[in-house]
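Participant: from the sequence below, what's the structure:
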Amino acid sequence: QVQLVESGGGLVQAGGSLRLSCAASGATASSYSLAWFRQAPEKQREFVARLSWSGGTAYVDSVKGRFTISRDNAENIVYLQMNSLKPEDTAVYYCAATRYLAVRNRDDYSYWGQGTQVTVSS
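Facilitator: Below is the predicted model:
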């Protein structure tokens, strides 16, 4: 079992920055790949970024060059640094964990946090 708790969401103007945090706990949390997904109103939950347990990263095209995912292995915290935010980044952001090495499909993630709201005003 892995427990995930997100924090760091909020309201920011377009062009601004936010850093989301996801604290992972559980006996084997360090052996899981962690990812961020987001869900805007009336849209499906979509993949944003992932950091595999081997260190590899991947991003959805719309955030490449603006978002960076990283991990503090000692504290089992994964971060999502979001720069140059746009109104279309507005969504609830979820942290998720999987045993798989490199997947983007939300159905492959077994554990989810409660989500944190990010709102970008124009």
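Participant: where are the low-confidence patches of the chain?
Facilitator: By pLDDT under 70, the weakly predicted segments of the chain are 27, 29.
Participant: please name the strands paired to the helix or strand where Val120 lies in the sheet, noting orientation.
Facilitator: If you go by DSSP states H and E, Val120 is part of strand 116-121. Strands flanking strand 116-121 in the sheet, each with its direction: strand 10-13 (parallel), strand 91-98 (antiparallel) (DSSP bridges).
Participant: tell me which of those strands sits most buried.
Facilitator: Mean neighbours per residue, mean count of other C-beta atoms under 10 Å, is largest over the strands paired with strand 116-121 for strand 91-98, with a mean of 23. C-betas here are computed from N, CA, C, even on glycine.
Participant: strands paired with the following helix or strand past that strand, and their directions?
Facilitator: Toward the C-terminal end, the helix or strand that comes next after strand 91-98 (DSSP H and E) is strand 111-112. Sheet pairing here is set by DSSP bridges, and for strand 111-112 it gives strand 91-98 (antiparallel).
Participant: contacts only, for Ser110.
Facilitator: 2, 97-99 (C-beta atoms under 8 Å, 6 or more residues apart in numbering).
Participant: look up how far Gly15 lies from Ala24.
Facilitator: Applying C-beta to C-beta, to the nearest Å, one obtains 30 Å for the distance of Ala24 from Gly15.
Participant: the more surrounded of the two?
Facilitator: More neighbours surround Ala24 than the other of Ala24 and Gly15, with 22 against 11 (other C-beta atoms under 10 Å).
Participant: in a strand, that one, correct?
Facilitator: Yes. Residue assignment for Ala24, taken from DSSP: H, G, I helix; E, B strand; the rest coil, places it within a strand.
Participant: beta partners for it?
Facilitator: Beta-bridge partners of Ala24, counted by DSSP bridges, are Leu4.
Participant: check contacts around it.
Facilitator: Contacts here follow C-beta under 8 Å, 6+ apart; on that basis Ala24 touches 2-4, 32, 34, 76-78, 95, 97.
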